[in-house]
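Enquirer: Sequence unavailable; structure follows:
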């Protein structure tokens with residue numbers, strides 16, 4: 001994810017909107033909880049992980065199961 005997309009994603013999350021991201025390295029996806037520096041905190045399989053924003057892409061498909 002490029003810097004501008006990361007900043008936009010973080011603004012939506014700060015407003016309380018649900019956003020999903022996929023880690024392009026592991027191909028896991030999860031719900032964005034927060035953003036810090038250049039990293040995204042994600043909930044996946046009931047636990048929290050922190051991913052570099054450069055390893056992520058926003059997942060916009062509404063029927064996507066982020067617990068895969």
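Expert: Arrived safely. Given the structure is predicted, the values throughout are model-derived calculations rather than measurements.
Enquirer: what's the longest strand in the chain?
Expert: strand 29-36 (DSSP state E).
Enquirer: counting contacts, what elements does it pack onto?
Expert: helix 3-14, strand 20-23, strand 39-44, strand 47-52 (3 or more Cβ pairs under 8 Å, 6 or more residues apart in numbering; DSSP states H and E). (Each C-beta comes from the backbone N, C-alpha and C, glycine too.)
Enquirer: Can I get the ones you listed in JSON lines including mean neighbour count?
Expert: Output for the helices and strands packed on strand 29-36, formatted as JSON lines (neighbours: other Cβ atoms under 10 Å):
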{"stretch": "helix 3-14", "mean neighbour count": "14"}
{"stretch": "strand 20-23", "mean neighbour count": "20"}
{"stretch": "strand 39-44", "mean neighbour count": "19"}
{"stretch": "strand 47-52", "mean neighbour count": "14"}
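Enquirer: Out of the ones you listed, flag the one nearest residue 60.
Expert: strand 20-23 (7.6 Å; Cβ to Cβ).
Enquirer: if we can go back for a sec, pull out the buried residues from the longest strand of the chain.
Expert: By 16 or more other Cβ atoms under 10 Å, the buried positions in strand 29-36 come out as 29, 30, 31, 32, 35.
Enquirer: Make TSV from these and add pLDDT and distance to residue 50 to it.
Expert: Converted to TSV, these look like this (pLDDT from 0 to 100; distance: Cβ to Cβ, whole Å):
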residue	pLDDT	distance to residue 50
29	92	15
30	93	11
31	95	13
32	97	11
35	97	10
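Enquirer: In those, find the pair that's most separated.
Expert: Farthest pair in the buried residues of strand 29-36, by Cβ to Cβ: 29 and 35, 16.3 Å.
Enquirer: And for the most centrally placed residue in the chain, nearest residue in space, chain neighbours not counted?
Expert: Nearest residue to the geometric centre of the chain (Cα atoms, centre = their mean): residue 21, 3.4 Å. Nearest residue to residue 21 in three dimensions, chain neighbours excluded: residue 56, at 4.4 Å (Cβ to Cβ, 6 or more residues apart in numbering).
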